[in-house]
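Undergrad: Sharing a model prediction with you, sequence too.
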Amino acid sequence: MVEIIPSGVFLMSAIAYAAALGLLSMGLSLTYVTTRVANFAHATIGMLGAIVMLFLIDRVYYEGASYQLFIVGPLLSFVVAGVFAMIMYLLVMKPLQDKGNDVIGLMIATFAIDIILLNILSFLLNAMTGKHLPKLYGVNIGPWDPTIQCCGLELKASNFVLPIAAVLLTLIFHLFLTKTKFGVAMRATIENPNLAAVMGVNTNLVYTVSWFVSGALAGVAGSLIAFSLKDTSPNSSALIIVSVFAGSIVGGLTSIYWGLVGGFIVGLAEKLLTSIINALYNGYFAPALGLPEIAIINYEKVMSLGLVIIVLLFAPQGLAGVDWSKLKQKILRR
């Protein structure tokens, strides 16, 4: 009997992956709704968090798995990635905007920054010598991920912490937007930047903070998703950015919270749906039809991009553009 439904451990790892994509997609949507820039360097900025984890393991936590790492690592990654994203905006994106570059030019600039950052990080990791690790490029840090016993399952700490971190950060960000004066100013800038500027809102400060928050969210996600990567290298961002953009588009690029939802949906689709389809095909259809076995589970990006096409066919503005109350009424009538 072929198992179609994944195990509890696999389900939890899929939820953790989806939570990481949700944070990354939310951050990408944040920079888009504030400055109308789709940041192609977003995933590589997230990999700064993974590199922070790598250095912490090499310098501090090499002797054994420590739960303290899952507090220090994300917090430090939050700051490092956030500061880098803020500097990127102040030194490159804002000057380009001030000189009248259009959205296409700004997007190409983020792509250029992504290539430059990726190569610089790769060069540094290859050139540097670790304190305990023999090398710093392409290291699998999974062995430093301790296990947690929960509901009869032996879960990796990163798979347990990631969903909690996503919920907490989303809640904190929501309270920041709704309960603080600066958060209200940020919302006003998102809605109508020209009117906000007339009302005395420092829109430049809002844009700077939004890039910091975007990078910080990416850093936290990258620091924790690093434990599930085959190797901690900047090149991993090349595949992650595909899923991040897919999540933002599915949710709707113009909505921060729907970006989070879109990233979560794409993450589950890549892991769970691909696993189920793989089990169905190789367990039933291939033997019955005399077809060769195929590791469909390796083609998870096809699932996410296919999901983008399906969503855009029925909801061109993404899930954020769907009139859910009207859709609910139609369903109830039937």
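TA: On my side now, so go ahead. Residues are numbered from 1 along each chain as shown.
Undergrad: going forward, measure contacts between C-alpha atoms and count neighbours the same way
TA: Fine.
Undergrad: what are the pairing partners of the strand or helix carrying residue 154, and which direction each?
TA: Using DSSP states H and E, residue 154 maps to strand 153-156. Strand 153-156 has its sheet partners listed here by DSSP bridges as strand 147-150 (antiparallel).
Undergrad: ok so, going back, what does the strand holding residue 154 rub up against?
TA: For strand 153-156, the surrounding residues in contact (Cα atoms under 8 Å, 6 or more residues apart in numbering) are 8-9, 12, 145-149.
Undergrad: Give me the buried positions along it.
TA: Within strand 153-156, the residues that count as buried by 16 or more other Cα atoms under 10 Å are 155-156.
Undergrad: So which elements touch the helix or strand following it?
TA: Next along the chain after strand 153-156, taking DSSP H and E as the criterion, comes helix 157-179. Contacts defined by 3 or more Cα pairs under 8 Å, 6 or more residues apart in numbering; DSSP states H and E place helix 157-179 against helix 8-35, strand 147-150, helix 181-191, helix 203-225.
Undergrad: Residue 118: which of those is closest?
TA: Among those, helix 203-225 comes nearest to residue 118, with 14.4 Å by Cα to Cα.
Undergrad: now whichever helix or strand comes after that closest one and helix 203-225, what's the angle there?
TA: Where DSSP H and E defines the elements, the next helix or strand beyond helix 203-225 is helix 237-251. Taking axes from the mean of the first three to the mean of the last three Cα atoms, to 10 degrees, helix 237-251 and helix 203-225 form an angle of 120 degrees between their directions.
Undergrad: tell me what helix 237-251 is packed against?
TA: Using 3+ Cα pairs under 8 Å, 6+ apart: helix 237-251 touches helix 8-35, helix 42-59, helix 256-268, helix 300-314.
Undergrad: Tell me how far that helix lies from the chain's centre.
TA: The chain centre lies 8 Å from the centre of helix 237-251; the measure is Cα atoms, centre = their mean, to the nearest Å.
Undergrad: if we look at that helix, which residues are touching it?
TA: Taking Cα under 8 Å, 6+ apart as the rule, helix 237-251 contacts 21-22, 24-26, 28-29, 40, 42-44, 46-47, 258-267, 301, 304-305, 307-308, 311-312, 318-320.
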